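[1] When you get a sec, could you give me coordinates for this:
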Amino acid sequence: MLSDADIIADRRRMRRKLTFWRVLSILILVLGLVSAGMFIGRNSLDGSYKNHIARISVSGLIVGSEQMEKLIKQVSASSSVKAVIVSIDSPGGTTTGSEKLYRSLRALAAKKPVVAFVDGNAASGAYITAIATDHIVARETSIVGSIGVIMQYPNVAGLLDKVGVKFEEVKSSPLKAEPSGYKPTSPEAREAMQKIIADSFTWFKGLVADRRGLKETELATVADGRIFTGRQGLPLKLVDELGDERTAVAWLETQKGIEKGLSIREWKPKSYENLSFLSTLAYGADLLGYEKVADNFRRAGEKAAASNLDGLLALWQPSLNN
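    The predicted model follows:
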């Protein structure tokens, strides 16, 4: 008869074996996804499908993906795509990434009807994405707005003083490589940064005023950096209509003359080159039913992506502390 100690030891061995096989199954799935991605890269949508409405999803941090730019060009060139729905759920991203996506979508809109569907967040840089389309449909409780620009950088000068580390530098002029996280920001450096922020903010407001047809007083009401729900954004002209994706399709049919009954096909980048390793692990864990493991991988990926952002941001408060 087994003793309690033997039973506990057996349970531990079984637990270790179970953990091993779970990890192994995730790794095998990841390898399968990578292989599938390479296959999809050679066999993804190329315009050979029958007439349809293309859906392009914009989610997560916007950083100016080359894969997304290529995808939009492919959608534009496809004769079977009769209209495009841009489904948005993003807190924004870098100003250059947002501008790049905006320009690509405007070029697409010059060739095909394009409607935005805010399925969650279209804040800051993601709102720039929304206004690149011909019409904005948002859920009532979605988030829009956050019109503004921010530059953030850590300052570890106090910490360095405590540990007795001094950062030395030799540079050509006082404002070279400013601001620096190794010393307090000088008034001159802060003023220079503020001018950059002001210039980018003026550019952002100009886009909103032009695309949404806002008067100066109307623009001032919405351009103070705050966010709005879809319901609030409707009378403020930040969105055109409340509803879901079917509402967006109905607008394309009634206002742009798109044939009724067309199917919606999701267009995705041709490969997984833009999918980080941690995101791939999260996807694999989700498929295997390990939701908590997937959440941990996903959060780690978000933190890693946010830590790599530099320069000016058009971003609404991503949650990175949980």
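[2] wait, isn't S76 in contact with L108?
    Yes: the criterion here is C-beta atoms under 8 Å, and S76 meets it with L108 at 4.9 Å. Every residue, glycine included, has its C-beta placed from N, CA and C.
[3] Same drill for these two, tell me which one is more crowded.
    Remark: of S76 and L108, L108 carries more neighbours, 23 against 19, as counted by other C-beta atoms under 10 Å.
[4] Can you check what pLDDT the model gives the more buried one?
    pLDDT, L108: 97.
[5] Need the three-state assignment for the closest residue to K111 other than its chain neighbours.
    In space, and not counting its chain neighbours, K111 is closest to S76: 5.2 Å by C-beta to C-beta, 6 or more residues apart in numbering. Under DSSP: H, G, I helix; E, B strand; the rest coil, S76 falls in the helix class.
[6] May I have the distance across stretch 106-123, first residue to last?
    19 Å (C-alpha to C-alpha, to the nearest Å).
[7] Name the residues that touch stretch 167-187?
    Residues outside stretch 167-187 that contact it (C-beta atoms under 8 Å, 6 or more residues apart in numbering): Y153, P154, N155, V156, A157, L160, E188, A189, R190, A192, M193.
[8] repeat that for 7 Å
    If you take C-beta atoms under 7 Å, 6 or more residues apart in numbering as the criterion, stretch 167-187 is touched by Y153, P154, N155, V156, A157, L160, E188, A189, A192, M193.
[9] Next: stretch 68-87.
    Contact with stretch 68-87 is made by 47, 49-58, 100-101, 104-105, 107-108, 111-117, 119, 129, 133, 245, 248, 252, 256, 258-259, 262, 264, 267, 269, as judged by C-beta under 7 Å, 6+ apart.
[10] same check, this time on stretch 188-197
    The contact list for stretch 188-197, computed with C-beta under 7 Å, 6+ apart, reads V149, M151, P174, L175, E178, P179, L312.
[11] at 10 Å instead, please
    With contacts defined as C-beta atoms under 10 Å, 6 or more residues apart in numbering, stretch 188-197 is touched by 95, 148-151, 153, 174-180, 183-186, 311-312.
[12] Now the buried members of those residues.
    In the contacts of stretch 188-197, burial by neighbour count holds for T95, G148, V149, I150, E178, P179, S180, K183, T185, L312, counting by 16 or more other C-beta atoms under 10 Å.
[13] May I ask which of those residues comes out lowest in pLDDT?
    Across these, the bottom pLDDT score, 56, is held by L312.
[14] The contacts of stretch 167-187 in strands, which ones?
    Of the contacts of stretch 167-187, none are assigned to strands by DSSP state E.
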